[in-house]
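> the amino acid sequence is not available; the structure is as follows:
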Ligand code: MG
């Protein structure tokens, strides 16, 4: 008797969910009512370096063809070993194409040299600084923040002078690191009035450092950030006088 009961219980439990099935159900209770079949998301496949098939490759390590000097003319950064490196004093570079809302992947590497010609330790903002600017105006900081104190809203992963990164995920100099960034462009009306602010979500080495933060205007070294109307614009990389390297850059328009 005891053994029989042991088997009867699970059978009852399995049968229970179907008990009411014979009864008529109302239209809203049907599962298919909440199924949406269109549109069907496009299939994305993955190529070399895991680049999604719908991405625009901005830099694949072979040429600076997609780039120009921010002041016009040729990009003069150093192209070597599948990476591009800031050639100090040649100026910022920017993409020839312009972008609005976008997902960007970029890898960057700090030089292992953390002293100057006199052998003095580079500190704070002076330790190998660069930056990735969306629409040429909104900078996510690129800095050697590995054991290097600076103001928190200016360290690697910060939206410069606006948003402190949630954590410091910086790897040691000489190691490649990544940013994966989702940028929502600001919107201006026809008269140039700001309708919605820019936003950014950023992962540094796969770790969230900015979670849908609101950008208060063009990032600026001094003074409060201010918006002024603009359209889609280039991705710009900063020449801050330090040999910071970049590779494997791709972007998806959103
Ligand atoms: Mg910078």
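Yep, it's here. What you see is a predicted model, and the numbers here were worked out from it, not measured in a lab. Numbering: from 1, shown residues only.

> just the closest residue of this structure to the ion, please.
Using C-beta to the ion, the point where the chain gets nearest to the ion is residue 131, with a distance of 3.2 Å. C-beta coordinates here come from the backbone N, C-alpha and C atoms, glycine included.

> need the three-state assignment for the closest residue to residue 124 other than its chain neighbours.
Spatially, and ignoring its direct neighbours in sequence, residue 124 is nearest to residue 150 (4.2 Å; C-beta to C-beta, 6 or more residues apart in numbering). Under the three-state scheme (DSSP: H, G, I helix; E, B strand; the rest coil), the conformation of residue 150 reads as coil.

> how many residues are close by residue 150?
Summarising burial for residue 150: neighbours were counted as other C-beta atoms under 10 Å, giving 19.

> distance check, it against residue 250.
When distances are taken as C-beta to C-beta, to the nearest Å, residue 150 and residue 250 turn out to be 29 Å apart.

> A helix includes residue 88, no?
No - the assignment for residue 88, made by three-state DSSP, is coil rather than a helix.

> may I have the beta-bridge partners of the residue of the chain closest to the ion?
On the basis of DSSP bridges, residue 131 is bridged to residue 141.

> hang on, isn't it packed against residue 235?
No - applying C-beta atoms under 8 Å as the test, residue 131 and residue 235 come out as separate, 10.9 Å apart.

> neighbour count winner among the two?
In this comparison of residue 131 against residue 235, neighbours counted by other C-beta under 10 Å, the higher total goes to residue 235 at 26 against 21.

> how about the residue lying closest to that one once chain neighbours are set aside, what does it touch?
Excluding the flanking residues, the one nearest residue 235 by C-beta to C-beta, 6+ apart is residue 95, at 4.7 Å. Residues near residue 95 by C-beta atoms under 8 Å, 6 or more residues apart in numbering: 58, 66-67, 234-236.

> please redo it, this time with the cut-off set to 10 Å
Applying C-beta atoms under 10 Å, 6 or more residues apart in numbering, we find residue 95 in contact with 56, 58-59, 66-68, 75, 136, 233-237, 249, 251.

> what do you get for residue 105?
With contact set as C-beta under 10 Å, 6+ apart, residue 105 has these partners: 49-52, 55, 58, 178-181, 203, 248-252.

> returning to that earlier point: dihedrals phi and psi, the residue nearest to residue 235?
Here is the backbone geometry of residue 95 (degrees, to the nearest 10): phi -70, psi 150.

> near the ion, which residues of the stretch 151-254 of the chain show up?
residue 238 (C-beta under 5 Å from the ion).

> run the last query once more with 8 Å
On the criterion C-beta under 8 Å from the ion, the ion has as its neighbours in the stretch 151-254 of the chain the residues 154, 160, 238, 240.

> the third one - nearest residue in space that isn't next to it in sequence?
By the measure of C-beta to C-beta, 6+ apart, the closest residue to residue 238 outside its immediate chain neighbours is residue 131, 3.9 Å from it.

> so who does the spatially most central residue of the chain touch?
By C-alpha atoms, centre = their mean, the mean C-alpha position of the chain lies nearest to residue 181, the distance being 1.1 Å. Listed by C-beta under 10 Å, 6+ apart, the contact partners of residue 181 are 102-106, 132, 134, 140, 200-204, 209-210, 235, 251.

> buried sites along the helix or strand harbouring it?
When secondary structure is defined by DSSP states H and E, residue 181 falls within strand 176-184. Of the residues in strand 176-184, those with enough neighbours to count as buried (16 or more other C-beta atoms under 10 Å) are 177-184.

> what about the residue lying closest to residue 134 once chain neighbours are set aside, distance to residue 94?
Of all residues not flanking residue 134 in the chain, residue 183 sits nearest, at 4.6 Å (C-beta to C-beta, 6+ apart). Using C-beta to C-beta, one gets 15 Å for the distance from residue 183 to residue 94.
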